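**Student:** Need a 3D model of the following:
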Amino acid sequence: MTTNQALPELEQLLQLHDQAGGALQLHELGRVTLGERELPLLAFTLGNADPALPAVGYFGGVHGLERIGSEVVLAFLTSLVTRLQWDESLHRMLASMRLVFMPLVNPGGLLLGTRANPRGVDLMRNGPISAEAGAPALVGGQRISPRLPWYRGAEGAPMEQESAALCAFVEQQLLPHRFSIAVDCHSGFGFVDRIWFPFAHTARPIAHLAELQALAEMQDRTLLHHRYTMEPQSRQYLCHGDLWDHLYLASRAEHAEQAFLPLTLEMGSWLWIKKNPRQLFSRHGIFNPLIAHRQQRVLRRHLGWLDFIARAAWSHERWRPQGEARALAHEAALDRWYRRQA
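**Tutor:** Numbering: from 1, shown residues only. Modelled structure (predicted):
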């Protein structure tokens, strides 16, 4: 894809903003230079900004090659904007919670069709955090060269503009809230749709393990016959520079009383390749469903989960474990994800 072509996802976002009127607030977080073009880093907010109320953030396009991540977030935002015209329950929900969106974290990578940003940096290896022993070579993040994949950026360099914008937006819009969830949408190898939570840099459990156990149990009871596997990312591999590890640790340091749960949706792209093996011969086909009806099926399948997360955050006081129940949930989570690893 050449740099003089339009970015349709950007056009769709601007149209949604116009369609929503004043309900959807637009935030320009910076501009990325790509040749003679400047691409805006756009984010959107919806609902009540009171930090005493819960909040959810939806993010996509961190890896430009994984276009389906942006498309899933855009589809969910489109559904919400359309429902604003008629859905009274949505208006009641937005009166008592905050929803924020950054569907195109890496617009330069999306336009170029690359995993990294235009400077060759993998944004999800760009955070100021290093993995403990055991991170795999290259895929865990490397500083050898931007010509190789999974480049973290130069030692001691500031975060890339896109990474810094995402982090600043989360720090402003999510971390001050008493309870918040972030959902980052990607495609990844495998036949299973995985929901990862921190840590990626260490196999140690995070402080909010009890909340994640309660959320996983509620998901299993509510989304009957779902095909998601929820687990810490460390069960698959360790890596350097994970932005969500960095932001989770920042939330613990700056807002220790609050609960911030970062989740990453890794859609299993091998499912699409299995149904259409010719996709293996396309760089985009390895990470995205290329046939229209399969793309629509993927969007339909995940919209329900994104809505479930919004409603779970809105109702968090009804299901978050407290006191002795929290201690029991923590022990159950250790059994589920750390003591009985498959």
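
**Student:** Looks to me like Glu171 is in a strand.
**Tutor:** No - according to DSSP: H, G, I helix; E, B strand; the rest coil, the state of Glu171 is helix, so it is not within a strand.

**Student:** And the helices in the protein?
**Tutor:** 8-20, 67-83, 88-94, 107-112, 161-173, 209-222, 243-254, 270-275, 292-314, 316-319, 323-334 (DSSP state H).

**Student:** Give me whichever of those helices is most buried.
**Tutor:** helix 107-112 (a mean of 25; mean count of other C-beta atoms under 10 Å). C-beta: built from backbone N, CA, C; applies to glycine.

**Student:** would you put the C-alpha positions of that one in CSV?
**Tutor:** Once side chains and other backbone atoms are set aside, the C-alpha atoms of helix 107-112 remain, and they are given as CSV (Å, rounded to 0.1, in the frame of the first residue of the first chain):
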residue,chain,number,x,y,z
PRO,A,107,-1.9,4.7,11.6
GLY,A,108,1.5,4.8,9.8
GLY,A,109,1.8,1.0,10.1
LEU,A,110,-1.7,0.5,9.0
LEU,A,111,-1.1,2.6,5.9
LEU,A,112,2.2,0.8,5.1
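
**Student:** Minimum distance to Gly61: which of the helices of the chain has it?
**Tutor:** Nearest to Gly61, of all those, is helix 67-83, at 3.8 Å by C-beta to C-beta.

**Student:** mind checking which of the helices of the chain is nearest Phe101?
**Tutor:** Phe101 lies closest to helix 67-83 among the helices of the chain, at 5.4 Å (C-beta to C-beta).

**Student:** tell me how far that closest one is from the chain's mean position?
**Tutor:** Mean C-alpha position of helix 67-83 versus that of the full chain (C-alpha atoms, centre = their mean, to the nearest Å) differs by 13 Å.

**Student:** that older thread, which of the helices of the chain comes out lowest on mean pLDDT?
**Tutor:** Note on these: helix 270-275 shows the lowest mean pLDDT, a mean of 70.

**Student:** tell me the contacts of the nearest residue to Cys239 once chain neighbours are set aside?
**Tutor:** With C-beta to C-beta, 6 or more residues apart in numbering as the measure, Gly140 is the residue that lies nearest to Cys239, at 4.4 Å, once sequence neighbours are left out. With contact set as C-beta atoms under 8 Å, 6 or more residues apart in numbering, Gly140 has these partners: 125, 131, 150, 237-240.

**Student:** related to what we said a few turns ago, distance to Tyr58 added to the helices of the chain, as CSV?
**Tutor:** Shown next, in CSV, are the helices of the chain (distance: least, C-beta to C-beta, whole Å):
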stretch, distance to Tyr58
helix 8-20, 12
helix 67-83, 5
helix 88-94, 14
helix 107-112, 16
helix 161-173, 11
helix 209-222, 16
helix 243-254, 13
helix 270-275, 22
helix 292-314, 7
helix 316-319, 17
helix 323-334, 25
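
**Student:** what's the closest of the ones you listed to Val183?
**Tutor:** Val183 lies closest, by C-beta to C-beta, to one member of the helices of the chain: helix 292-314, at 5.8 Å.

**Student:** Extract the CA atoms of the closest one and return them as CSV.
**Tutor:** Extracted C-alpha coordinates of helix 292-314, given in CSV (Å, rounded to 0.1, in the frame of the first residue of the first chain):
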residue,chain,number,x,y,z
ALA,A,292,-15.7,-10.7,3.3
HIS,A,293,-18.2,-13.1,4.9
ARG,A,294,-15.4,-14.4,7.2
GLN,A,295,-14.5,-10.9,8.2
GLN,A,296,-18.1,-10.2,9.0
ARG,A,297,-18.3,-13.4,11.1
VAL,A,298,-15.3,-12.4,13.1
LEU,A,299,-16.7,-8.9,13.8
ARG,A,300,-20.0,-10.4,14.9
ARG,A,301,-18.4,-12.9,17.2
HIS,A,302,-16.3,-10.4,19.1
LEU,A,303,-18.8,-7.6,19.4
GLY,A,304,-20.7,-9.5,22.0
TRP,A,305,-17.6,-9.9,24.1
LEU,A,306,-16.7,-6.2,23.9
ASP,A,307,-20.2,-5.3,25.0
PHE,A,308,-19.9,-7.9,27.9
ILE,A,309,-16.7,-6.1,29.1
ALA,A,310,-18.4,-2.7,29.1
ARG,A,311,-21.4,-4.1,31.1
ALA,A,312,-19.0,-6.0,33.5
ALA,A,313,-17.2,-2.7,34.2
TRP,A,314,-20.5,-0.8,34.7
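
**Student:** Perfect, that will be all.
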